[in-house]
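Novice: Output the structure for:
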Amino acid sequence: MFRFLLGMIAMALIAAFFTKPGPEAAQDALRDQIQLAVANEKLDSRSGLDAAALLLCRVDPKACTDLLVSGIDMTYEDRHLYARVDLNGYKMTATCYGAYTQFFCPGGLVRE
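Specialist: Numbering: from 1, shown residues only. Reported below is the predicted structural model:
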């Protein structure tokens, strides 16, 4: 039983090593986080210009995301079995972890 458990743990570690997402997947995760932040932002709590910009972002999310990505600093760290991505920009931060071809961003983008 103990050998089986050790074998399963070894297989999980090997799978994590070979399926760790790369920087391209991190860019996709960044775009997803931006689109979620724009979709969750409330229009009525914004001033006129901010509300107009938010409304335009909802009309054309791809162009808006391309513009917003240019203002966000992304740091990708390869940690052998998983990847860590730190996002910082527009007074918002996020830390995401990548393993098994997926990125997980606990808490999403939060205000500093």
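Novice: For the nearest residue to Arg58 once chain neighbours are set aside, give me its contacts.
Specialist: Of all residues not flanking Arg58 in the chain, Val38 sits nearest, at 6.6 Å (C-beta to C-beta, 6 or more residues apart in numbering). From N, CA and C alone the C-beta is placed, and that goes for glycine too. Counting by C-beta atoms under 8 Å, 6 or more residues apart in numbering, Val38 makes contact with Leu54, Cys57, Arg58, Pro61, Cys64, Thr65, Leu68.
Novice: Got the confidence number for Val38?
Specialist: Val38 is assigned a pLDDT of 76 by the prediction.
Novice: and it, helix, strand or coil?
Specialist: Here Val38 is recorded as helix under DSSP: H, G, I helix; E, B strand; the rest coil.
Novice: any low-confidence regions in this structure?
Specialist: 42-47 (pLDDT under 70).
Novice: for it, what spans make up the helices?
Specialist: For the chain, the helices defined by DSSP state H occupy 2-18, 23-40, 48-59, 61-69.
Novice: and of the ones you listed, who's closest to Gly98?
Specialist: Closest to Gly98 of the helices of the chain is helix 23-40 (C-beta to C-beta; 6.5 Å).
Novice: ok, of the contacts of Val38, which one's closest to Ala12?
Specialist: Among these, Thr65 lies closest to Ala12 (C-beta to C-beta), at 33.8 Å.
Novice: Look up how far Phe4 lies from the closest one.
Specialist: For Thr65, the distance to Phe4 equals 46 Å [C-beta to C-beta, to the nearest Å].
Novice: Compare these two (neighbour count), which wins?
Specialist: Thr65 (18 against 8; other C-beta atoms under 10 Å).
Novice: Now that the more buried one has come up, it's in contact with Gln35, right?
Specialist: Yes - contact criterion C-beta atoms under 8 Å: Thr65 and Gln35 qualify, at 5.9 Å.
Novice: Now do the residue nearest to Phe104 when sequence neighbours are not counted against Phe2, distance only.
Specialist: Excluding the flanking residues, the one nearest Phe104 by C-beta to C-beta, 6+ apart is Tyr97, at 5.3 Å. Tyr97 sits 29 Å away from Phe2, going by C-beta to C-beta.
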